[in-house]
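S.K.: following is a predicted model, sequence given first.
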Amino acid sequence: MLELTGSEPWVDLTGKKLRISRWTAIESIDGREVVIFHSGNAARLQVSRSVYDFLRRFKAPATVAEALGREPDATILGHIRKLVAKGFLADSAEPDEARRLRRTRALPFTLWNGPSYQPGAAAVDVSILGLPYDLASSGDPGSRDAPVAIRRRSLEFGYRIDFVTGRPSGWFDAEREKRILEGVTFDDRGDVMVQHGEPQRAFFDRAGELVDEILDAGSLPVILGGDHSVTFPVVERLVRRRKVAVLHLDAHTDSDPSVPEEVVSAQSVGLRLLGLKGVERLVHFANRGYPVNAEVEHPPEGVEMVNLARHRRDPTALLAALPEELPVYVTLDMKVLDPAFAPGTSCPTPGGLNLDELKAVLHTVGASRDVVGFDLVELHPGRDIGSVTAITACHLLLAFLGEVMARRAAS
Amino acid sequence: MKRLRQFFTKPPAATFCAAPPAASGTVIAGVPYDLGNGVGAGTRGAPARLRAVAAELGLLTAGVAADLGDLRFTYGEDPESILTRLGGAAAELFAGPLRPLFVGGDHSISLPIVDRLARRQELAILWLDAHTDFSLPNPATVGDHKEVLRRISRLPGIRRIVHAGYRGYTLGDETRLGDTVRVLTTAALRRHGPAAVLAALPEELACYVSIDIDILDPAFAPGTSTPVPGGLTLHELEDLLSTVLRRRRVLGTDLVEINPACDIGDRTAHVGCQLLAVVAGSYCPMPLRGRVTGSTKANKTYPTFIKNAGTEGECRRCGAWFLFDPAFLEFASSPEVTICRPPGLECRVYFVPLSNSERGRLKGGKGKPTRSWPRAAGTPKSLAGSSVRRLALAQKRDRPGNKGKPLPLDNGRNRSPAPFLCDLLLPHVVSQLSVGV
């Protein structure tokens, strides 16, 4: 299993009855070789026919000795541990293997067709994680499909590693005529499982655990939502480590006071973030339309409003609202763009930014603040027009990460 | 016409041009070929869809001499034989008096067309596209739409390629594609306006213009299979197109990659028709000389203000008579001007002051313009923000010591004012045009 290593105590096989995992399946089989795979974690293994014959003996729970007909030696135990670690064999006493094991779901493709996360591999600069959760949005749900939709369109951008230097080649930004993200390593951790029917907290904990792992590795977490509530578990883990300012790019403040306090909904995530200890500043940017709360006129302590009219009058207002010494977490709701440029959102709000304006904001923030995390949420592929919003999301990711990583490399 | 018929289908029920074929102007040919686009089929439907929209709007009667129908071919036929037939039709068209405008189809149709034109004469290509189409050619095929411009760049007779509209994120740096190719990104187009394109297109070279609809922002033209965010607005593209079509000798045009299958309520088809109208209406076939009639009166703002005025004039070449609605006349100081009339189109005309030497030039004298254009004091406010103004600003910005990135492609030719008033007025004129019969 992805997150297990052979050293974990339950991989101690003495007296344990093992059986074939319900997720183990055969991909191909012929007279000599068998390829088995794990449909839960996408692990693949090519084994010989004799190993396969041996594995078959675990159809009913059995100890290794029983299956083998003698006491196993160290080599065989090593192989068995590997099969257990990859999840092909499971402890038959484990009650709910599926829920315990599956934290992420296998994906048909990774962002930019780049490397997927490998346990035990060297830490990367940027780690991608999908949170396909849209159960907290009161509008039209559908952002659960966004991580896959973004990845699908991102295939056109293609992640390459230079064969000779062994370094990632990055991309060429045609508008600014310069190379970006050269040498920056990525991995894609896939999408966090959503078990429909489970409590919101269970999903947030699962997502938070994976965010913690990304932060432990020292990588920059880049989150693909999901509705806007998924920002909460990410920032929740982030503020356990450091104080942050949150820059909230959105058409709305998402601060609806009528939502019960114990619920993190896409309409109340602004308030919930503010309730987290360690969120020192919350900046709502490009807020527009007709808000249902009084926050615009009387922002509470720690909240700064930079609406679109103010930004267009005074482009420095945004940076002024973000204290220089505070690291920044950026949450980008696709609704910040005008529906002409990002039609694929659940609640299109007229009068937004155009792409050039938004890129300019991302470039400025990325180049002048210490960015410690980024999420892109509220993309609704079902309402998109010819995937243009998903393509735009790919552009925004590259535009922002280009600046953020350039600043990190320089410091 | 008769010889051309072998290449094309019967004229369809809906057509770009209902009038009987004219002897001069633009001739439209549909090329519903989409076998060169590996991303998404569907551009084969564009000519029919555009015709239906055009018929609905009555847009394209102006400047269009004839609609030839669609290229004759069968799906399943070898792409090479289809494209060869297209080349044959193009050769026939380029030999005649009409200016062809091909409606694709995917972008691979440009190759045989340009090939046949380049065999006749040396040529510059203006390629308006979000992608550079410069992938390495696959020798096993006759043309994928991703590699068509590289194939064109290898044709003998192509002296210059100007690519405009490159944007987004690509694996490699595609701004440097060889000595004959100039690449202008969308950002550069925004900064410098059509002047940047003119500067890169040598004045003495005839020109072929290829318009890939994805140069536009997907907000304006969603109906295309490879949209790239952050493109031009329709107005920006119209401005660019009309400038080039009037300031350079454009021998042919194509409009490609409109895919009705991804369109939203014919939005892209409407935009396509609008572009066809601009192309058909913007050529500069007959310089007209006119006389401003009516009484003139000076005031403080403008040296001369025309009251109760109308204009009439005759073509220097063919003697055709024309008239502008006096309501469109706002301001003039010179009784004699040379203007280019978009055939069949009404337009709003601004007259601006001429120096003596310019006036001499217009009258056929040898006088050469001596001052920069336009004179600041006498310029109507309505011209601010037009290409004239932008051209002047771009030049100012490019002076050594001034801030801002210099315009690398300016060969100095655009520093002197254009000799014809029309050249300066046109982008503005076209931006105001309302289409009529």
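M.R.: Arrived safely, thanks for sending. Residues are numbered from 1 along each chain as shown, chains lettered A, B, ... in the order given.

S.K.: which sections of the chain are below the confidence cut-off?
M.R.: I'll assume chain A. The model of chain A has pLDDT under 70 over residues A:1-11, A:95-101, A:290-297.

S.K.: ah, I was thinking of chain B
M.R.: Using pLDDT under 70, chain B drops low at B:1, B:11-14, B:17-24, B:58-63, B:282-437.

S.K.: give me the contact list for stretch A:248-256.
M.R.: Stretch A:248-256 is contacted by residues A:228, A:265-271, A:273-274, A:282-289, A:291-293, A:295-296, A:305, A:330-333, A:335-336, A:347, A:349, A:352, A:358, A:361 when judged by Cβ atoms under 8 Å, 6 or more residues apart in numbering or on different chains. Every residue, glycine included, has its C-beta placed from N, CA and C.

S.K.: at 7 Å what do you get?
M.R.: Identification of contacts with stretch A:248-256 by Cβ atoms under 7 Å, 6 or more residues apart in numbering or on different chains yields A:228, A:266-271, A:282-289, A:291-293, A:295, A:330-333, A:335-336, A:349, A:352.

S.K.: separate out the buried members of these.
M.R.: A:228, A:266-271, A:282-288, A:291, A:295, A:330-333, A:335-336, A:349, A:352 (16 or more other Cβ atoms under 10 Å in any protein chain shown).

S.K.: return the subset of these lying in helices.
M.R.: A:Val269, A:Gly270, A:Leu271 (DSSP state H).

S.K.: and the last one, how far from chain B?
M.R.: Right, the one you point to is A:Leu271. 32 Å (Cβ to the nearest Cβ, to the nearest Å).

S.K.: contact partners for that residue?
M.R.: A:Ser255, A:Pro257.

S.K.: which helix or which strand is home to B:Leu68?
M.R.: strand B:64-70 (DSSP states H and E).

S.K.: got the angle between the helix or strand that that strand is followed by and strand B:64-70?
M.R.: Next helix or strand after strand B:64-70 toward the C-terminus (DSSP H and E): helix B:79-95. Per axes from the mean of the first three to the mean of the last three Cα atoms, to 10 degrees, the angle that helix B:79-95 makes with strand B:64-70 is 160 degrees.

S.K.: buried sites along stretch A:221-229?
M.R.: Buried, per 16+ other Cβ under 10 Å, within stretch A:221-229: A:Pro221, A:Val222, A:Ile223, A:Leu224, A:Gly225, A:Gly226, A:Asp227, A:His228, A:Ser229.

S.K.: again with stretch B:97-113
M.R.: Those would be B:98-113, for stretch B:97-113 by 16+ other Cβ under 10 Å.

S.K.: go through those residues and flag which are in strands.
M.R.: Among these, the ones falling in strands (DSSP state E) are B:Arg99, B:Pro100, B:Leu101, B:Phe102, B:Val103, B:Gly104.

S.K.: could you measure from the nearest residue to the last one once chain neighbours are set aside over to A:Leu397?
M.R.: What it means is B:Gly104. Ranked by Cβ to Cβ, 6 or more residues apart in numbering or on different chains and with sequence neighbours excluded, the top spatial neighbour of B:Gly104 is B:Val256, at 3.4 Å. The spacing between B:Val256 and A:Leu397, counted by Cβ to Cβ, to the nearest Å, is 30 Å.

S.K.: those two - which one has more neighbours?
M.R.: Ranked by neighbour count (other Cβ atoms under 10 Å in any protein chain shown), B:Val256 and A:Leu397 place B:Val256 first, with 30 against 24.

S.K.: thought the more buried one was touching B:Gly105?
M.R.: Yes - with contact defined as Cβ atoms under 7 Å, B:Val256 reaches B:Gly105; the gap is 5.6 Å.

S.K.: so what sits against both of these two?
M.R.: What both B:Val256 and B:Gly105 touch, as defined by Cβ under 7 Å, 6+ apart, is an empty set.

S.K.: could you chop the chain up by domain?
M.R.: In the absence of a named chain, chain A is used. A:9-101, A:104-410 (automatic domain parsing).

S.K.: switch to chain B, please.
M.R.: B:2-282, B:287-431.

S.K.: mind listing the helices for chain A?
M.R.: Using DSSP H, helices in chain A cover A:49-56, A:64-68, A:74-85, A:97-101, A:146-154, A:200-216, A:231-238, A:269-275, A:308-313, A:317-321, A:355-368, A:388-410.

S.K.: check whether the longest one comes near chain B.
M.R.: Okay, so that is helix A:388-410. Yes - applying Cβ under 7 Å from any Cβ of the partner chain, one finds helix A:388-410 in contact with chain B at A:Val388, A:Ile391, A:Thr392, A:His395, A:Leu398.
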